[in-house]
Each structure stands twice: as C-alpha cells, then as structure tokens.
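**Q** Compute the structure for the input listed below.
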Amino acid sequence: MDINEVNVNELEQAVGGRGGYRKPPEPIFGLEIYRIQAGDNLTKIARKYGTTWMHLQDLNADVIPDKNDITTGYYIYVPAREGNG
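**A** Just a heads-up that it's a prediction; the model follows:
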C-alpha cells in the first residue's frame, strides 16, 4: 500500500489513534510492549519500569500526545526490564 493513498481513518486504525496502539505494535529491540490496564496512568506505568512518564510519552509520541490520554486495553512501548530480551 502506498502511504500517500492511506486515509486518516486507515492511519488511525494502523497506529491506534490517541491513547496507545489498538493492536500490539511491532517489536523494537530494547523495548517491551505493555497493555494498558484499568486504573493505569503514565506515572504508575513509569514507576513499574523504572523510568519517567515523560520518557514513556516520548517513546509513544505518535499515539500519546497528552500524558493524561491513555486508553485501557491499548498498547504502548516501555523500556525493557533487565533479564528480558
């Protein structure tokens, strides 16, 4: 598919729009994929992975433009924890 032919709705379905990825994104070396749980926020997730909410927002900038806008059930990239990978 030619990227110039992708309409906005198709692009949103591909990357999930705002709040995370709707489907698990492609693996990236050094990162894990985390599924957002009810009650999560970027600060809580960041503590779990030993990072900051700002770093998580940077890792997922294409789908999380606002730190308060994450969607339960969607996926985000997080730093890999030691021993994984």
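
**Q** Which element, helix or strand, includes the residue nearest the centre of the chain?
**A** By Cα atoms, centre = their mean, the chain has its centre lying nearest to residue 76, at 2.1 Å. Using DSSP states H and E, residue 76 maps to strand 75-79.

**Q** Off-centre distance for that strand?
**A** 5 Å (Cα atoms, centre = their mean, to the nearest Å).

**Q** do stretch 51-62 as well
**A** Here stretch 51-62 is found 8 Å from its chain centre; the criterion is Cα atoms, centre = their mean.

**Q** Okay, helices next: where are they in this structure?
**A** Assigned by DSSP state H, the helices in the chain fall at 8-15, 42-48, 53-59.

**Q** just flag whichever of the ones you listed has the lowest average confidence.
**A** Lowest mean pLDDT of those: helix 8-15, a mean of 47.

**Q** I'd say residue 79 and residue 51 touch.
**A** Yes - Residue 79 is in contact with residue 51 according to Cβ atoms under 8 Å; the separation is 5.4 Å. Just so you know, the C-beta spots here come from the backbone N, C-alpha and C atoms, and that holds for glycine as well.

**Q** circling back: am I right that the residue nearest to the centre of the chain is in contact with residue 20?
**A** Yes - counting by Cβ under 8 Å, residue 76 does reach residue 20; the two are 4.9 Å apart.

**Q** what sits in contact with each of those two?
**A** 36, 60, 63, 64, 70 (Cβ atoms under 8 Å, 6 or more residues apart in numbering).

**Q** re the thing from before, which ones are touching the residue nearest to the centre of the chain?
**A** By Cβ under 8 Å, 6+ apart, the contact list for residue 76 reads 20, 21, 33, 34, 36, 45, 56, 59, 60, 63, 64, 70.

**Q** Understood, closing this out.
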